[in-house]
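In: What would the 3D arrangement of this be:
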Amino acid sequence: MQGRGAFLRVGLLVLGGALLLVGLIWFLGGRHIRDGTLFETYFRESVQGLEIGAPVKFRGVTIGRVTEIGLVAAEYSPGRTVPLDRQIYRLVLVRALVDTKRIAQLPDTADAVELGLRARLASTGLTGVAYIEMDFVNPRRFPVEPVPWTPVAEYIPSIPSTLTQVQDAAQQFLSRLDQVDLVRLSDTLTTLLASLQASLSDGDAHTVLVRLATLLQTTDQALKAADVGALSADLKRTSTAVRELAESRDLQRTLANAAQASDRLAAASAQLPALLSSLQSTTRRADHGVADVQAAIGPLLRDLQVSAANLREMTDSLRRNPAQLVTGQPPPRPTEGRR
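Out: Numbering: from 1, shown residues only. You can find the predicted model right below:
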């Protein structure tokens, strides 16, 4: 009996400690969020792991706690009979109290929703403890779904959780995979492999492979006949000689002289326009001088021509009558009687 009493006292002590710990956690987690704005959202997925008192976070910062979890059909049913044929009445209702002081002054809830404010279900690591996470997303990707009732609290639309999105993507992939005719695909692959094997054995592919092998063998023989090693050695020696020539002092001196000659040629080319101008001026002066000489020589040449003509007449006269040189007069002409 004493052993049973000891076990009972230990059990009660452990139970009391657990209840005290739960109360302490609830007190520490919720004592700072007693007043705030009540929001509500609706989830299409299961909220397994989400409990009343679970935190509401905005990018990892706790801003509120969950106050109520229920079903839309029980809260907003349009009549006694729940229209379960409409999916919107199958949603899960979650209300949360948010301390707006922790997120400063915000615009109107409708404006925030229009900018992309959404709520989604998240879990903490491997423990599976769920909480509500709020964040801004692309409003075009996750548009607002209108509801046919007037929400009691401020309405924030929800989006699928990351796990749900992965599951949906996997289900879509599996559904598409189910639509694939695997038997037909297998038969097609078998036929393709058979055709490929036949082509490799006797078809065009076999011919191409044989020609390729022959080409490789011919190339190998040509490389061996060309003595690639000796050719490489010759190329190495040639490159060494070219390098030595490029590094030789004679070539550097020649290049330096060529550079100096180029500089001198450039300087002479720079002086060439002035020289050409001087030469043109000299040419013009020579032209003027020649014109003056021609103008002066012209009368002299005419006088010389006249003198030459007179000298020619006198020479002809002396040739006909040499005595004229002594007497100074030409001989008298014979009369007609003497003739």
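
In: For the helix or strand L189 falls within, give me every contacting residue.
Out: In this assignment (DSSP states H and E), L189 forms part of helix 182-201. Helix 182-201 has contacts (Cβ atoms under 8 Å, 6 or more residues apart in numbering) with A205, H206, L209. In short, each C-beta sits where N, CA and C put it, glycine included.

In: How about the first one: what's its closest non-neighbour residue?
Out: What that stands for is A205. Distances taken as Cβ to Cβ, 6 or more residues apart in numbering put S199 closest to A205, at 4.3 Å, once the chain neighbours are dropped.

In: Quick check: pLDDT value at G128.
Out: The score at G128 is 68. That number is its pLDDT.

In: circling back to that earlier point, when you check the contacts of helix 182-201 against the strands, which ones overlap?
Out: With strands defined by DSSP state E, no entry of these lies inside them.

In: Any chance of CSV for those residues, columns neighbour count and pLDDT?
Out: Formatted as CSV, the contacts of helix 182-201 follow (neighbours: other Cβ atoms under 10 Å; pLDDT from 0 to 100):
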residue, neighbour count, pLDDT
A205, 14, 70
H206, 13, 72
L209, 11, 78
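
In: a markdown table for those, including distance to K236?
Out: A markdown table is the format used below for the contacts of helix 182-201 (distance: Cβ to Cβ, whole Å):
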| residue | distance to K236 |
| --- | --- |
| A205 | 42 |
| H206 | 43 |
| L209 | 37 |
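
In: between those residues, which is nearest R44?
Out: Closest approach to R44 among those (Cβ to Cβ): A205, at 55.1 Å.

In: Skipping adjacent residues, who's closest to the residue nearest the centre of the chain in space?
Out: The geometric centre of the chain, computed from its C-alpha atoms, lies nearest to N138 (Cα atoms, centre = their mean), at 26.6 Å. Closest residue in space to N138, ignoring its immediate chain neighbours: G116 at 6.3 Å, by Cβ to Cβ, 6+ apart.

In: measure the one you found to F39 for me?
Out: 16 Å (Cβ to Cβ, to the nearest Å).

In: Of these two, which one has the most company?
Out: Set G116 next to F39 and count neighbours by other Cβ atoms under 10 Å: F39 wins out with 22 against 17.

In: Name the SS class of that one, please.
Out: Of the three states, F39 takes strand under DSSP: H, G, I helix; E, B strand; the rest coil.

In: follow-up on the earlier one: roughly how far out does the helix holding L189 sit from the chain middle?
Out: Distance, stretch centre to chain centre, for helix 182-201: 41 Å (Cα atoms, centre = their mean, to the nearest Å).

In: list the buried ones in it?
Out: Buried residues in helix 182-201, counted by 16 or more other Cβ atoms under 10 Å: none are found.

In: got it, and stretch 313-322?
Out: Result for stretch 313-322 [16+ other Cβ under 10 Å]: no buried residues.

In: From the contact counts, what lies against the helix or strand harbouring S277?
Out: Using DSSP H and E, the element containing S277 is helix 249-320. Contact analysis of helix 249-320 by 3 or more Cβ pairs under 8 Å, 6 or more residues apart in numbering; DSSP states H and E lists helix 324-327 as its packing neighbours.

In: Would you mind checking the average pLDDT for the helix it packs on?
Out: Here the average pLDDT along helix 324-327 is 58.

In: Residue numbering should commence at 895 henceforth.
Out: Got it, first residue is 895 now, which makes that one helix 1218-1221.

In: All the helices of the stretch 945-1094 of the chain, in order from the start?
Out: 966-969, 1003-1009, 1056-1073, 1076-1095 (DSSP state H, counting those that start in this stretch).
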